[in-house]
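> after the sequence you'll find the predicted model.
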Amino acid sequence: MFSDQLILQISILRNRNTKPKQVRDLLHEIGQLLAYEATADLPTKQTVTQESPLNSYIATELDGKIGLIPILRSGLSFVNALESLIPSARILHLGIFREKVSLQPVEYYNKLPAVPNVDQVIVLEPMIATGGTAVAAVAILKDWGIKSKIKFITVCASRQGLEKLLAIHPDVEVFVGVVDGGLNEHGYIVPGLGDAGDRLYDTLQD
């Protein structure tokens, strides 16, 4: 169960009059709230003895290397929020766009190393609309060699897109702020957020 603060922030984010700077700030704050949930069960281990101002203690750190996978371009809006919680995370970029007519995902950028250099990944993508991009991203990561549970952070998902992702990849754990009922004829979530990338970077067409 997410907080009223998250619900309030998503409501402001939806508003078509919210300016790009505030959109960026809101996505950062929403990303942090979702990240607290997504990272709550990451494995930790005790390491070395360190000193507080008053006494010694056993330090704790993450057990394993975490990869953050922002889907370009709007997924970049979550990176700083996740880095503030996981400073040691490695950032690995994927570029996938949705073809306007077929609405099918097209991979155009992939900076994954030849061999996985992380133990677990968290995919960052503000929206799951048709589900095609999310499904493709998870398939790429599995083909790359990720064997552990893949986590997915998103602000807004359509019900059918979320169901598609979980039907094809039932082992993925999704952390979503709000689920909307459907899509319009252009494949946008209704009421949704609009085009997250355009709203982030002020590239909306009149």
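That came through, no problem.

> so which bits of stretch 151-159 are buried?
For stretch 151-159, the neighbour count (16 or more other Cβ atoms under 10 Å) marks 151-158 as buried. Quick note: C-beta positions are derived from backbone N, CA and C, even for glycine.

> run through who's touching the longest helix along the chain.
Taking DSSP state H as the criterion, the chain has its longest helix at helix 20-38. By Cβ atoms under 8 Å, 6 or more residues apart in numbering, the list of residues contacting helix 20-38 from outside reads 2-3, 5-6, 9-10, 12-13, 18, 77-78, 80-82, 84-85, 122, 124, 126, 151, 153-155, 173, 175-177, 196, 199-202.

> among these, which ones are buried?
Looks like these have 2, 6, 9-10, 13, 18, 77-78, 81-82, 122, 124, 126, 151, 153-155, 175-177, 196, 199-200 buried, using 16+ other Cβ under 10 Å.

> so for this structure, which residue is the most central one in space?
In the chain, the C-alpha nearest the mean C-alpha coordinate belongs to residue 124, at 2.0 Å (Cα atoms, centre = their mean).

> would you mind measuring from that residue to residue 193?
The spacing between residue 124 and residue 193, counted by Cβ to Cβ, to the nearest Å, is 15 Å.

> thinking again about what came up before, how far away from the center of its chain is whichever helix or strand comes after the longest helix of the chain?
Following helix 20-38 in sequence order, the next helix or strand is strand 44-51 (DSSP states H and E). Distance, stretch centre to chain centre, for strand 44-51: 30 Å (Cα atoms, centre = their mean, to the nearest Å).

> ok, and the closest non-adjacent residue to residue 81?
Closest residue to residue 81 apart from its sequence neighbours, by Cβ to Cβ, 6 or more residues apart in numbering: residue 31 at 3.4 Å.

> tally of neighbours for that neighbour?
26 (other Cβ atoms under 10 Å).

> and if you look at residue 23?
Around residue 23 there are 24 residues (other Cβ under 10 Å).

> now residue 134
29.

> low-confidence stretches in the protein?
Across the chain, the ranges flagged by pLDDT under 70 are 1-2, 101, 204-206.

> now do the helices in it.
Remark: helices assigned in the chain by DSSP H are 4-14, 20-38, 79-85, 132-144, 159-168, 196-201.

> let me have those in a markdown table, extended by distance to residue 65.
Below are the helices of the chain laid out as a markdown table (distance: least, Cβ to Cβ, whole Å):
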| stretch | distance to residue 65 |
| --- | --- |
| helix 4-14 | 28 |
| helix 20-38 | 16 |
| helix 79-85 | 14 |
| helix 132-144 | 14 |
| helix 159-168 | 25 |
| helix 196-201 | 28 |
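
> for those, which one sits closest to residue 185?
Among these, helix 159-168 comes nearest to residue 185, with 13.9 Å by Cβ to Cβ.

> ok, and for that closest one, which residues are buried?
Result for helix 159-168 [16+ other Cβ under 10 Å]: buried residues 160-162, 164-166.

> was I right about residue 168 contacting residue 136?
No - counting by Cβ atoms under 8 Å, residue 168 stays clear of residue 136, with 10.0 Å between them.
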